[in-house]
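Dropping a prediction and its sequence here:
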Amino acid sequence: MSQSVEPSRDISAGERWAGGDNPKGGAWWQLGGHWPAVVAFIGLAVVWEAGVRLSGTPAYILPTPSAILARTWTDLPYLLSQAADTLGEALVGLLLASLLGLTAALAMAHSRSVERAFFPLMVALKVTPMVVIAPLLILWLGFGPAPKVIVAALLSFFPILSNALIGLRSVNPRALEFMRSLNASRWEILRELRLPQSLPYLLSAYKTSATLSIIGAVVAEWVGADRGLGHVIILANSNLDMTTLLAAVLILAILGIALYVIVEAIERRALFWHESTLTSDHEQ
Amino acid sequence: MRSSAPTLTRERSEPLIAVRGVDKVFGGPTGPIEALTDVTISVERGAFVSLIGPSGCGKSTLLRLIGGLLDPSRGSIAIDGSPPRVAQVGKQLGFVFQDSGLLPWLNVVENIELSLRVNRGANRPRPRGTDDLLELVGLQQFRHAYPHQLSGGMQQRVGIARALVHYPSILLMDEPFGALDEITREHMRFELLRIWNRTNKTIVFVTHSIAESIVLSDIVIALAGQPGQVRAIVQIDLPRPRDAAIERSPRFLDYAAELRSALATTSSRMLRQ
């Protein structure tokens, strides 16, 4: 009866994600489909450079990209050690936001009344500008890393909570019925069905939250800190040192992009089964 | 040997599945919705019984009541003399759904063995392994494939294998071939009969295809109306094993006409109401 099996789609495709072979061809550091972005980026830098030079704009108003790159290079050890502080605060904040967000999402997915009681509070927290909260936290907790971690956590918390909540609820009703027919416990349904099903939503939240956590840490550093890229930016600003300021911004941008790329790489690996990955795989 | 009476009673022995005077009412946002009214049917051990009817006649609801996924509002359901929940907890029931309900992040073997990871305490020792099941449904070469790499027909084979993991005595199938193309669908009918033949299960099969119900079944139960009720119970006395040629036999056409008229009088009666 084996000849009766209908032809399937390319089965070897199943090994692609497992082997880590990029289906688009080439490895990640090769430009591949990104060259238009690179051209646009370089083009913008050239226009900027030429504009500043031709108009004779002083460096304390707007430095040239080449000067910013040169400053980044010469001050790299200093900038990186400050970036490490900021990144550490951001990541600890993100971890804290994950613990709180996932716990809250589980509690809310478990009970509608918990959701009704606490979700409005979470929304209120989300819409409160962190620039306003940060000085209070510095006042209460001092100049150490604690207030930075908390602001980073507060900013990155909400996307994790709301996406995890939607994800935990978005289960295939047939799959849920099947689990019930097996007499599965709530915990087993959570472990086998709801958690894996919420992964696409969660990873999408992390793309936002990872970058938000860095913004949170920097905002808190602006208000009061003796280290970190936010501190570097404030210091450079008061010295009218636009070149160092923009060098710090460049490092921040690179940090944000790096976190985003990491989450995206995890997504491609973990969500090989999800429509989002499958459709991008099939259009070639 | 045909019976179109609303009940089919056998004096000899207690039927495996006995549904007696069952009503099902759902509470909806716009008030209660009656899905089934006064349904009485019985299914003998080892029989292949189809529930057929138009959309919304409550046939899937009846299947879920038999499977213990829903509770009747009135009346009683017994499987082997006990409530369906007892059979469900005892892993006597296997479910197959229209959209297979496979978990997309698990491969074929993992999907089949999911049933073993869940509710472990109640699992009985298995006489045979997963390989036997894969062989039964003809998917040995695809054990490590993921659902998205399989065709619809193959996904349903996995669904059937998954339902058979605990070697249940009853298979409950809710339009399992409803989403398949016509050619695959006809093929899967005979695959199912082959599997039924090899495993000696009792099968309750929900469909809206008259031809499918006749080809497969010992007994076809026609449900219609809103709320749904039993309109005809037709015993199919066609020789087994059956093949595709059976659809051209005169008796097949007689059964089809009988079922069609049972479902048609229903709709004209509904229009008069």
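Now that the structure is in, tell me what you want to look at.

mind checking the SS state of residue B:95?
What DSSP: H, G, I helix; E, B strand; the rest coil gives for residue B:95 is strand.

could you list every residue that touches it?
A:177-178, A:181, B:67, B:163, B:172-174 (C-beta atoms under 8 Å, 6 or more residues apart in numbering or on different chains). The way it works is simple: take the backbone N, C-alpha and C, and place the C-beta from them, glycine included.

Please flag which of those sit within strands.
B:172-174 (DSSP state E).

Can I get the buried part of those as one PyMOL selection?
Selecting only the buried entries of these in PyMOL, with 16 or more other C-beta atoms under 10 Å in any protein chain shown as the criterion:
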select buried, chain B and resi 172+173+174
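
Show me where the chain has its helices.
Here I'm looking at chain A. Under the criterion DSSP state H, helices of chain A are mapped to A:13-19, A:35-55, A:65-74, A:76-110, A:112-127, A:130-141, A:145-169, A:173-181, A:186-189, A:195-223, A:229-238, A:242-270, A:275-282.

You answered for a different chain; I wanted chain B.
Under DSSP H, chain B gives helices at B:59-66, B:84-89, B:108-117, B:130-136, B:152-163, B:182-199, B:210-216, B:250-272.

what would those look like in CSV with mean pLDDT and distance to chain A?
Formatted as CSV, these follow (pLDDT from 0 to 100; distance: least, C-beta to the nearest C-beta, whole Å):
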stretch, mean pLDDT, distance to chain A
helix B:59-66, 94, 8
helix B:84-89, 91, 5
helix B:108-117, 90, 6
helix B:130-136, 88, 9
helix B:152-163, 91, 5
helix B:182-199, 89, 6
helix B:210-216, 94, 17
helix B:250-272, 78, 23
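
Report the contact partners of residue B:219.
B:8, B:43, B:47-50, B:233-236.

for those, which one is nearest residue B:139?
Taking C-beta to C-beta as the measure, residue B:139 lies nearest residue B:48 of the contacts of residue B:219, at 22.4 Å.

isn't that closest one right next to residue B:216, touching?
Yes - counting by C-beta atoms under 8 Å, residue B:48 does reach residue B:216; the two are 5.7 Å apart.

quick one: common contacting residues for the two?
The contact sets of residue B:48 and residue B:216 overlap at B:193, B:205 (C-beta under 8 Å, 6+ apart).

who wins for most neighbours among the contacts of residue B:219?
residue B:50 (27 neighbours; other C-beta atoms under 10 Å in any protein chain shown).

Setting aside sequence neighbours, what's the nearest residue to that residue?
Nearest non-adjacent residue to residue B:50, counting by C-beta to C-beta, 6 or more residues apart in numbering or on different chains: residue B:213, 3.8 Å away.

pLDDT value on the residue in the stretch 101-250 of chain A positioned nearest to chain B, please?
Nearest residue of the stretch 101-250 of chain A to chain B: residue A:174, at 3.2 Å (C-beta to the nearest C-beta). According to the prediction, residue A:174 has pLDDT 89.

contacting residues around it?
Residue A:174 is in contact with B:97-101, counting by C-beta under 8 Å, 6+ apart.

got a markdown table for these, with neighbour count, distance to chain A and pLDDT too?
Below are the contacts of residue A:174 laid out as a markdown table (neighbours: other C-beta atoms under 10 Å in any protein chain shown; distance: C-beta to the nearest C-beta, whole Å; pLDDT from 0 to 100):
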| residue | neighbour count | distance to chain A | pLDDT |
| --- | --- | --- | --- |
| B:97 | 27 | 4 | 89 |
| B:98 | 18 | 8 | 84 |
| B:99 | 18 | 6 | 82 |
| B:100 | 25 | 7 | 79 |
| B:101 | 22 | 3 | 85 |
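
what's the closest of those residues to residue B:140?
residue B:100 (18.6 Å).

nearest residue to the residue sitting nearest the centre point of chain A other than its sequence neighbours?
Closest residue to the average C-alpha location of chain A: residue A:210 at 2.7 Å, with C-alpha atoms, centre = their mean. Using C-beta to C-beta, 6+ apart and skipping the chain neighbours, the partner closest in space to residue A:210 is residue A:259 (3.9 Å).

Quick check, that neighbour in contact with residue A:209.
No - when contacts are counted by C-beta under 8 Å, residue A:259 is not listed as touching residue A:209 (9.3 Å).

can you count the residues close to residue 252?
If you meant another chain, say so; for now it's chain A. 23.

not what I meant, chain B
That count, for residue B:252 with other C-beta under 10 Å as the rule, works out to 18.

swap in residue A:162?
Using other C-beta under 10 Å: residue A:162 sits among 20 other residues.

so what's the residue lying closest to it once chain neighbours are set aside up against?
In this structure, residue A:162 finds its nearest non-sequential neighbour in residue A:205, 7.6 Å apart by C-beta to C-beta, 6+ apart. Contact analysis of residue A:205 by C-beta under 8 Å, 6+ apart lists A:159-160, A:162-164.

Alpha carbons of stretch B:194-210, as PDB, please.
What follows is stretch B:194-210, C-alpha atoms only, in PDB (Å, rounded to 0.1, in the frame of the first residue of the first chain):
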ATOM      1  CA  ARG B 194      -8.600  -1.600   5.200                       C
ATOM      2  CA  ILE B 195      -7.500  -0.100   8.500                       C
ATOM      3  CA  TRP B 196     -10.900  -1.000  10.100                       C
ATOM      4  CA  ASN B 197     -10.600  -4.500   8.700                       C
ATOM      5  CA  ARG B 198      -7.200  -5.000  10.300                       C
ATOM      6  CA  THR B 199      -8.000  -3.400  13.600                       C
ATOM      7  CA  ASN B 200     -11.600  -4.500  14.400                       C
ATOM      8  CA  LYS B 201     -12.600  -1.100  15.800                       C
ATOM      9  CA  THR B 202     -16.100   0.200  16.200                       C
ATOM     10  CA  ILE B 203     -16.300   3.300  14.100                       C
ATOM     11  CA  VAL B 204     -18.700   6.300  14.300                       C
ATOM     12  CA  PHE B 205     -18.100   8.400  11.300                       C
ATOM     13  CA  VAL B 206     -19.600  11.800  10.700                       C
ATOM     14  CA  THR B 207     -19.900  12.900   7.000                       C
ATOM     15  CA  HIS B 208     -22.100  15.000   4.700                       C
ATOM     16  CA  SER B 209     -21.400  12.800   1.700                       C
ATOM     17  CA  ILE B 210     -24.200  10.200   1.000                       C
END
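
Okay, buried residues for that stretch please.
Neighbour-count burial for stretch B:194-210 flags B:194-196, B:199, B:201-210 (criterion: 16+ other C-beta under 10 Å).

Take these and lay them out in TSV including distance to residue B:116.
Converted to TSV, the buried residues of stretch B:194-210 look like this (distance: C-beta to C-beta, whole Å):
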residue	distance to residue B:116
B:194	25
B:195	20
B:196	23
B:199	18
B:201	19
B:202	22
B:203	22
B:204	24
B:205	25
B:206	26
B:207	29
B:208	33
B:209	33
B:210	37
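
for these, which one is nearest residue A:170?
Distances from residue A:170 to those, taken by C-beta to C-beta, are shortest for residue B:206, at 26.0 Å.

That closest one reaches residue B:58, doesn't it?
No - with contact defined as C-beta under 8 Å, residue B:206 does not count as touching residue B:58 (10.3 Å).

just to revisit the earlier point, export the helices of chain B to TSV and append columns for distance to residue A:142.
Output for the helices of chain B, formatted as TSV (distance: least, C-beta to C-beta, whole Å):
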stretch	distance to residue A:142
helix B:59-66	61
helix B:84-89	58
helix B:108-117	49
helix B:130-136	60
helix B:152-163	58
helix B:182-199	69
helix B:210-216	74
helix B:250-272	76
